[in-house]
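>>> Provide a 3D model corresponding to the input given below.
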Amino acid sequence: MLRGLSLCLSAQGKVEGLESLIVEMLAQETRAVERDPKNADAWLRRASAIAEWDQWARAAADGDRAFQLREGLAPGTLRELAGF
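Residues are numbered from 1 along each chain as shown. Sure thing, here's the model as predicted:
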């Protein structure tokens, strides 16, 4: 349902409404990044969530930050990051 609402807002050019919806849906991931800005896993989770909303530039920025902080990530998370 939210994905459909997102597509409608985007098609109608209602960028402000779309941005509000995305911010609300990403609140948990954003709080994790704010709590620990050096946590690469948190950045990668938020990047993946942002990509689900087709916000590619924002997702790439978070993915890049996760890459910068990659030292100490579990091997499975490193594979996920490499595929991002």
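
>>> alpha carbons only for contacts and neighbour counts from here, please
OK.

>>> need the next SSE after the helix or strand of the chain with the lowest mean pLDDT, C-terminal direction.
The helix or strand of the chain with the poorest confidence is helix 2-11; it has a mean of 71 (mean pLDDT, DSSP states H and E). Downstream of helix 2-11, the next assigned helix or strand under DSSP states H and E is helix 15-25.

>>> Quick check: next helix or strand after that next one?
For helix 15-25, the following helix or strand on the C-terminal side (DSSP H and E) is helix 27-35.

>>> ok, and what's touching that next one?
Contacts made with helix 27-35 from outside it, assessed by CA atoms under 8 Å, 6 or more residues apart in numbering, are listed as 39, 42-43, 45-46, 49.

>>> Show me the two of these that sit farthest apart.
By the measure CA to CA, Asn39 and Ala49 form the most distant pair in these, at 15.8 Å.

>>> Against which helices or strands is the least confident helix or strand of the chain packed?
helix 15-25 (3 or more CA pairs under 8 Å, 6 or more residues apart in numbering; DSSP states H and E).

>>> Mind listing what's buried along the helix it packs on?
Using 16 or more other CA atoms under 10 Å as the test for burial, helix 15-25 gives 18, 21-22.

>>> just stretch 21-41 next, same as before
21-22, 26, 29-30, 32-33, 39-41.

>>> With distance to Arg79 and pLDDT as extra columns, can I get these in JSON lines?
Supplementary listing: the buried residues of stretch 21-41 in JSON lines, determined by distance: CA to CA, whole Å; pLDDT from 0 to 100:
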{"residue": "Leu21", "distance to Arg79": "30", "pLDDT": "76"}
{"residue": "Ile22", "distance to Arg79": "26", "pLDDT": "77"}
{"residue": "Leu26", "distance to Arg79": "23", "pLDDT": "87"}
{"residue": "Glu29", "distance to Arg79": "20", "pLDDT": "90"}
{"residue": "Thr30", "distance to Arg79": "22", "pLDDT": "93"}
{"residue": "Ala32", "distance to Arg79": "21", "pLDDT": "94"}
{"residue": "Val33", "distance to Arg79": "20", "pLDDT": "96"}
{"residue": "Asn39", "distance to Arg79": "16", "pLDDT": "94"}
{"residue": "Ala40", "distance to Arg79": "13", "pLDDT": "93"}
{"residue": "Asp41", "distance to Arg79": "12", "pLDDT": "92"}
